[in-house]
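A.B. asks: Only the shape, not the letters, is given here:
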């Protein structure tokens, strides 16, 4: 079992619709959770961070965390062509004094006009 | 401007040679990380460091080495023991303090290594 799992996609969503991206993790001691967006050939950039159970909204993006189910998701409302990218889920596995941050394999999202 | 500088951006290496990738940050971040990314894949953790003179192995440390002699610098050496080193290497740093923004990674632009 991978420590952080994502559906690799591609996920194709029509412009203006809601895109839903999912991620599960195996370490129950994980403390913080992140979604990064990565365009081809570029470095990842932070979209959302979430630290406690529930929903967190920022503009068109909503992150949802359920620690009991070890599940974190990202919703993108009113999807735009510029949202087409790979979305990486990351998890902080606290290790004594160090934070081990690991990533899933990413979900490719394609927004079709 | 604060940020992370990785060099070189592109590097070609012959088989059997060691190569060192540079990573420097001026964000005053405590933690630094090295990741490897292969085409169409996610990021895999090579090494990470929370404080000077201390670092931990990640999930794919074999064939790599690091040092953390200064807070600002975390160079990665790809040794000849790494069987398939051709990849995109990303360095990142993060604030280790608690609260909002804790452990948010800031990435460098990456170094693309090709073994000939």
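C.D. replies: Structure received. Because the structure is a prediction, the values reported are computed rather than measured.

A.B. asks: What's opposite the spatially most central residue of chain B in the beta bridge?
C.D. replies: Nearest to the mean C-alpha position of chain B, by CA atoms, centre = their mean, lies residue B:34 at 2.6 Å. When bridges are taken as DSSP bridges, the partners of residue B:34 come out as residue B:47, residue B:91.

A.B. asks: Now do the SS call for residue A:82.
C.D. replies: helix (DSSP: H, G, I helix; E, B strand; the rest coil).

A.B. asks: Okay, it and residue B:83: tell me how far apart.
C.D. replies: 38 Å (CB to CB, to the nearest Å). To be clear about C-beta, it is placed using only N, CA and C from the backbone, and glycine gets the same treatment.

A.B. asks: interface residues of chain B facing chain A?
C.D. replies: B:31, B:33, B:35, B:41-45, B:48-51, B:56, B:58-59, B:90, B:94, B:96, B:101-105, B:107-110 (CB under 8 Å from any CB of the partner chain).

A.B. asks: Drop anything exposed from these.
C.D. replies: Among the residues of chain B next to chain A, the ones that count as buried by 16 or more other CB atoms under 10 Å in any protein chain shown are B:31, B:33, B:35, B:42-45, B:48-50, B:56, B:58, B:90, B:94, B:102-105, B:107-108, B:110.

A.B. asks: In strands only, show me those.
C.D. replies: B:31, B:33, B:35, B:43-45, B:48-50, B:56, B:90, B:94, B:107 (DSSP state E).

A.B. asks: Let me see the contact set for residue 66.
C.D. replies: Using chain A here. Residues counted as contacts of residue A:66 (CB atoms under 8 Å, 6 or more residues apart in numbering or on different chains) are A:53, A:72.

A.B. asks: sorry, should have said chain B
C.D. replies: Residue B:66 makes contact with B:34, B:46, B:47, B:49, B:55, B:74, B:75, B:76, B:77, according to CB under 8 Å, 6+ apart.

A.B. asks: tell me the contacts of the residue lying closest to the fourth one once chain neighbours are set aside?
C.D. replies: In space, residue B:49 comes closest to residue B:55 once its chain neighbours are excluded; the distance is 3.9 Å by CB to CB, 6 or more residues apart in numbering or on different chains. Counting by CB under 8 Å, 6+ apart, residue B:55 makes contact with B:47, B:48, B:49, B:66, B:67, B:68, B:74.

A.B. asks: What of residue A:8?
C.D. replies: Contacts for residue A:8 (CB under 8 Å, 6+ apart) come out as A:105, A:106, A:107, A:108.

A.B. asks: got the residues of chain A near chain B?
C.D. replies: Residues of chain A lying close to chain B by CB under 8 Å from any CB are A:6, A:32, A:34, A:36, A:43-46, A:49, A:51, A:88, A:90, A:92, A:95, A:97-106.

A.B. asks: Just the residues you listed: which are in strands?
C.D. replies: Among the residues of chain A next to chain B, the members falling in strands (DSSP E) are A:6, A:32, A:34, A:36, A:45-46, A:49, A:88, A:90, A:92, A:95, A:98-103.

A.B. asks: Would you write a ChimeraX line that selects the buried entries of these?
C.D. replies: Per 16+ other CB under 10 Å, the buried members of those correspond to this ChimeraX selection:
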select /A:6,32,34,36,49,88,90,92,98,99,100,101,102,103
